[in-house]
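Colleague: Fold the following, please.
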Amino acid sequence: VILTGPDPGTNSGDESESDLDIEWAGGIAKNATIVFVNSKDAFGSATYAVDNDVAPVLSLTYGNCEADLGTAELNTLTSLFQQANAQGITVLAASGDEGAADCENSGAATATQGLAVDVPASIPYVTGLGGTEFSEGSGTYWSSTNDANSGSALSYIPEVSWNDTSEDKQLSATGGGKSTYFTKPSWQTGTGVPYDNARDVPDLAFAASPDHDGFLICSAGSCVNGFRMSNSDLNVIGGTSAAAPSFAAVVALLNQQTGDRQGNINPTLYALASISTDAFHDVTSGNNTVPCQSGSPDCPASGYMGYHTSTGFDLVTGWGSVDSYNLLREWPTYTPKALTQMPDGAQQLWAGADGTVWGLNINGQAYLYDSTNHDWTSGSQTLSQIAVGSSGAVWGLNSVGDIYQYDSTTKRWNVVPGNLTQIAVGADGAVWGLNSSGFIYTFNSQTQTFNQIPGVLSQIAVGFDGAVWGLNPFEQIYRFNPGTQSFEYVAGNLTQLR
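Modeller: Residues are numbered from 1 along each chain as shown. Sure, this is the predicted structure:
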């Protein structure tokens, strides 16, 4: 135990929280050295741990919603955890226990302050841990007796997202959603990751329900007979505060296996989630929706706000839980590789929101990067421009302005009527272009034709979020308003858009 600053004394709530963190981290990573940094403030303890390089893994189960912290403290914490990563420290944090409404007070029954996510879990230098709940159904997953290691689980137990709000009559669900402060990190890509230009949380989720099935701890002398109290009751606890130290223990085992610190694990975590078939348990049932007060921010007509699980990544459980054995086994073998040189050399490269990469070589020949074989595949088309929104949204122009759309099923380029000198594609498949006169066109997928939009631009670009931007010949900035179907002036001047 390390005490930094004045002795904060004892608080029963904080004591049980601390006991949960210490006991479960040490229970999973047996024989690991657990250092408890004690102070009057959890972020103060974190600062001490980073500045003094106390350990290679830092677990935090305290947090606050982004709006309540404010810009100054958010910037301070961001710098702190960026420093931690630079020192090789992996930072894990709970994503919160109020579902999609992180700004609500503990114990609240209805959300009134809108959608929100928890800090430090939403900081890109931190791995955020949400919560799941066991869902055995009619299956047999538990033994009637414990084994030599005191375990009774017979196999992997199916999971749903943790949401006990209805049963508990208060907000009690895994935290998750979109940051309103942090933009999307470059590594946060993959199946299901929203094109929202926001840091999305959580990254992973572990069992968290105190109701089904909770975590047993010993706290304040509660364990008299095994885990039993003197009255034979059990001290059962849960929440995403159980998920963070549990996965922190897995990272400690990873450090032991590799013989090295990991720092920010998120880039490798997301890359591995995109290719591994057995290291992650995708949670596709459940939600983190909570009841909300009519008329309050983000509260829809249904009276419930939040998110639902889906295939791949989602804003409820992230990539889901992990198979720790397979994760540790596969982690050292995954080594990101640099792009192989394109035949004859590249002159253009475009990457889609889902990681799809196309390019043109110096002769204008189109190539698709094969991430499995780490090589370039000829697209059998000569172009002067190429634009990529995703694997299913690849377009190009040739030197005389003919328009081509790539069909990923037939692997052929199809001519589309029209003539353009610039083309831009969004992650949602939206296609925009300019002709030689600067007239603006957008592709209508129903009629399979380009329709003109009023205005004249010299450059056009489409963001991953679907926002369409342009510059006129005087370098003035315009943004397309879908409501009015027109481009509106935005104060400022730029010489280039990408």
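Colleague: Now for the residue lying closest to Thr61 once chain neighbours are set aside: which residues touch it?
Modeller: Nearest residue to Thr61 in three dimensions, chain neighbours excluded: Ser241, at 3.8 Å (Cβ to Cβ, 6 or more residues apart in numbering). C-betas here are computed from N, CA, C, even on glycine. By Cβ atoms under 8 Å, 6 or more residues apart in numbering, the contact list for Ser241 reads 17, 20-21, 61, 94, 97.
Colleague: could I get those as JSON lines with pLDDT?
Modeller: JSON lines is the format used below for the contacts of Ser241 (pLDDT from 0 to 100):
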{"residue": "Glu17", "pLDDT": "90"}
{"residue": "Leu20", "pLDDT": "91"}
{"residue": "Asp21", "pLDDT": "91"}
{"residue": "Thr61", "pLDDT": "95"}
{"residue": "Ala94", "pLDDT": "97"}
{"residue": "Asp97", "pLDDT": "97"}
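Colleague: circling back to that earlier point, would you agree the residue nearest to Thr61 falls within a helix?
Modeller: Yes: counting by DSSP: H, G, I helix; E, B strand; the rest coil, Ser241 is found in a helix.
Colleague: Which residue ranges of the stretch 201-350 of the chain form helices?
Modeller: Here the stretch 201-350 of the chain has its helices, by DSSP state H, counting those that start in this stretch, at 240-258, 266-273, 324-330.
Colleague: which of these sits most buried?
Modeller: Counting by mean count of other Cβ atoms under 10 Å, helix 240-258 has the highest mean neighbour count of the helices of the stretch 201-350 of the chain, with a mean of 23.
Colleague: CA-only coordinates of that one, as CSV, when you get a sec.
Modeller: What follows is helix 240-258, C-alpha atoms only, in CSV (Å, rounded to 0.1, in the frame of the first residue of the first chain):
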residue,chain,number,x,y,z
THR,A,240,-18.0,-2.5,-14.4
SER,A,241,-15.8,-1.9,-11.4
ALA,A,242,-15.4,-5.7,-11.5
ALA,A,243,-14.6,-5.8,-15.2
ALA,A,244,-11.6,-3.4,-15.1
PRO,A,245,-9.5,-5.2,-12.5
SER,A,246,-10.4,-8.5,-14.1
PHE,A,247,-9.0,-7.5,-17.5
ALA,A,248,-6.1,-5.7,-15.8
ALA,A,249,-5.1,-9.1,-14.5
VAL,A,250,-5.2,-10.5,-18.0
VAL,A,251,-2.9,-7.8,-19.2
ALA,A,252,-0.5,-8.6,-16.3
LEU,A,253,-0.5,-12.2,-17.6
LEU,A,254,0.2,-10.9,-21.1
ASN,A,255,3.1,-8.9,-19.8
GLN,A,256,4.5,-12.0,-18.1
GLN,A,257,4.1,-14.0,-21.3
THR,A,258,5.8,-11.5,-23.5
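Colleague: just use 46 as the starting number from now, easier for me
Modeller: Right, with 46 as the first residue, what we last looked at is helix 285-303.
Colleague: re earlier: most surrounded residue in the contacts of Ser286?
Modeller: Most neighbours among the contacts of Ser286, by other Cβ atoms under 10 Å: Ala139, with 29 neighbours.
Colleague: residues touching that residue, list them.
Modeller: 105-108, 163, 166, 173-174, 220, 284-286, 288-289.
Colleague: The contacts of Ser286 in helices, which ones?
Modeller: Among those, DSSP state H puts 62, 65-66 in helices.
Colleague: Identify the residues contacting the helix or strand bottoming out on mean pLDDT in the chain?
Modeller: Here the helix or strand of the chain ranked lowest by mean pLDDT, DSSP states H and E is strand 47-48, holding a mean of 82. With Cβ under 8 Å, 6+ apart as the test, strand 47-48 has contacts from 80-84, 93, 99.
Colleague: now do 10 Å
Modeller: With contacts defined as Cβ atoms under 10 Å, 6 or more residues apart in numbering, strand 47-48 is touched by 80-84, 90, 93-94, 97, 99.
Colleague: Next: stretch 413-422.
Modeller: With contacts defined as Cβ under 10 Å, 6+ apart, stretch 413-422 is touched by 316, 319-320, 382-388, 391, 394, 396, 400-404, 406, 410-412, 423-424, 433, 436, 439, 451, 453, 456.
Colleague: Quote the end-to-end distance of it.
Modeller: One end of stretch 413-422 to the other measures 5 Å (Cα to Cα, to the nearest Å).
Colleague: Show me what counts as buried in that stretch.
Modeller: Within stretch 413-422, the residues scored as buried using 16 or more other Cβ atoms under 10 Å are 413-414, 421.
Colleague: between those residues, which is nearest Ser490?
Modeller: Minimum distance to Ser490 across the buried residues of stretch 413-422 is 22.0 Å, recorded for Leu413 (Cβ to Cβ).
Colleague: Please determine how far the closest one is located from Leu394.
Modeller: According to Cβ to Cβ, to the nearest Å, Leu413 and Leu394 sit 11 Å apart.
Colleague: Next: Glu118.
Modeller: 39 Å.
Colleague: for Thr177, same thing?
Modeller: 39 Å.
Colleague: again, but for Ser183
Modeller: With distances taken as Cβ to Cβ, Ser183 is found 52 Å from Leu394.
Colleague: So for the two, which sits in the more crowded spot?
Modeller: Leu394 (15 against 4).
Colleague: Skipping its backbone neighbours, what lies nearest that one in space?
Modeller: Leu394's closest residue in space is Gly404 (Cβ to Cβ, 6+ apart), at 4.4 Å.
Colleague: Output the contacting helices and strands for the helix or strand hosting that neighbour.
Modeller: Using DSSP states H and E, Gly404 falls within strand 402-406. Judged by 3 or more Cβ pairs under 10 Å, 6 or more residues apart in numbering; DSSP states H and E, strand 402-406 is in contact with strand 391-396, strand 410-415, strand 420-427, strand 430-435, strand 438-442.
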